[in-house]
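Undergrad: Provide a 3D model corresponding to the input given below.
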Amino acid sequence: MRLILSRKGFDTSCGGCPSPILPDGRMVSLPIPDGRSPIRYADIRWGAGDLGAVVADLTRGHVAPSHPAHLDPDLRREGLPRCPGWRPLFGQTGAAQGHLRRSGVGPGDLFLFFGLYREAARAEGRLRWAARAPQRHVLWGWLQVDAVLPLAQPDVAPGWARYHPHCSRPPEAADTLYVARKRLALPGLAEGALRGAGVFAHLDRRLVLTAPDAARPTEWLLPHWFHPREGRPPLTYHADPARWARSAEGARLRAAPRGQEFVFDMEGVPEAVPWLGALLSGA
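TA: Here you go, the predicted structure:
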């Protein structure tokens, strides 16, 4: 079984700012702008409103509520009106999909989505960034793969998925859609106990990848078992031993500043499954 740390959502290069952590601790993953998407920020329901107002406030109007949004991964049933049979979806293409394919990612593997986050506050009825709040990489959602659909093949996507940004445009050669399992299946965990995909609604210290004393978001503190071991493949894009250090708190990693999909093979790492079970049980 493979675990994929997958970077998704707003950051300083895509969208121009982090995604927000609201004053009550709720996290809002902002999908990146995408001029080819049929979905607008104002279409995406969130809480009692929509993401249009959130993105307009935090970008100070640079991204408007009417701007198209690349809602991918799409993990929340309540985010849009759904057709019967809908399941959470994640699409990938290009070099990032090539990396997933070469790494053997397929049914049963688990994506953990992370993004750049910062605390926000309300001032005069609008969201603004909290003063001196640091930017951090935080896990915000998950998806366990049930099916892998190569979108270059004709009519491979089910009708209920046609709204998705990767399905609503002419497919690229590598375009691929990952469909979520209905219920999570992990060794030692009762099948059906947890959803196969979803979001972490509130910030929890276990979700924060960035080390507490970090000067940059890419300075991570991970569980000990992530540290490379002899005879086992390391987290992809992080084979250089100079990126890693051991500490009493865990494995310290200088994470690659760019890149979307980091794949970790959990075979021979029995500590990984209990950690995942505890993390997802708290969602």
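Undergrad: from here on, contacts and neighbour counts on C-alpha atoms
TA: Fine.
Undergrad: check this protein and tell me which residue is nearest its centre.
TA: In the chain, the C-alpha nearest the mean C-alpha coordinate belongs to Phe113, at 2.1 Å (CA atoms, centre = their mean).
Undergrad: look at it and report its pLDDT.
TA: At Phe113, the predicted lDDT confidence score is 98.
Undergrad: beta partners of it?
TA: When bridges are called by DSSP bridges, Phe113 pairs up with Ser6, Gly141.
Undergrad: list the contacts of it.
TA: Contact analysis of Phe113 by CA atoms under 8 Å, 6 or more residues apart in numbering lists Leu5, Ser6, Arg7, Lys8, Leu139, Trp140, Gly141, Trp142.
Undergrad: in which helix or strand would I find the fifth one?
TA: The one in question is Leu139. Leu139 is located in strand 136-150, with elements delineated by DSSP states H and E.
Undergrad: elements contacting that strand?
TA: strand 110-123, strand 176-180, strand 197-199 (3 or more CA pairs under 8 Å, 6 or more residues apart in numbering; DSSP states H and E).
Undergrad: and it, which residues are buried?
TA: For strand 136-150, a neighbour-count test (16 or more other CA atoms under 10 Å) marks 136-146, 148, 150 as buried.
Undergrad: ok, stretch 174-187 next?
TA: Applying 16+ other CA under 10 Å to stretch 174-187 flags 174-186 as buried.
Undergrad: one step back: ok, so of the contacts of Phe113, who is nearest Val63?
TA: Lys8 (17.5 Å; CA to CA).
Undergrad: tell me where the stretch 1-150 of the chain has helices.
TA: Here the stretch 1-150 of the chain has its helices, by DSSP state H, counting those that start in this stretch, at 51-58, 94-102.
Undergrad: for Glu249, find the nearest of those.
TA: Judged by CA to CA, the one of those that comes nearest to Glu249 is helix 94-102, at 29.9 Å.
Undergrad: for that closest one, list every residue counted as buried.
TA: Buried, per 16+ other CA under 10 Å, within helix 94-102: Ala96, Gln97, His99, Leu100.
Undergrad: likewise for stretch 218-228?
TA: By neighbour count with 16+ other CA under 10 Å, stretch 218-228 contains the buried residues Thr218, Glu219, Trp220, Leu221, Leu222, His224, Phe226, His227, Pro228.
Undergrad: make a markdown table out of the residues you listed and add secondary structure, pLDDT and distance to Gly106.
TA: As requested, those are arranged in a markdown table below (DSSP: H, G, I helix; E, B strand; the rest coil; pLDDT from 0 to 100; distance: CA to CA, whole Å):
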| residue | secondary structure | pLDDT | distance to Gly106 |
| --- | --- | --- | --- |
| Thr218 | coil | 97 | 27 |
| Glu219 | strand | 98 | 29 |
| Trp220 | strand | 98 | 26 |
| Leu221 | strand | 98 | 27 |
| Leu222 | strand | 98 | 24 |
| His224 | helix | 97 | 26 |
| Phe226 | helix | 97 | 21 |
| His227 | coil | 96 | 24 |
| Pro228 | coil | 95 | 23 |
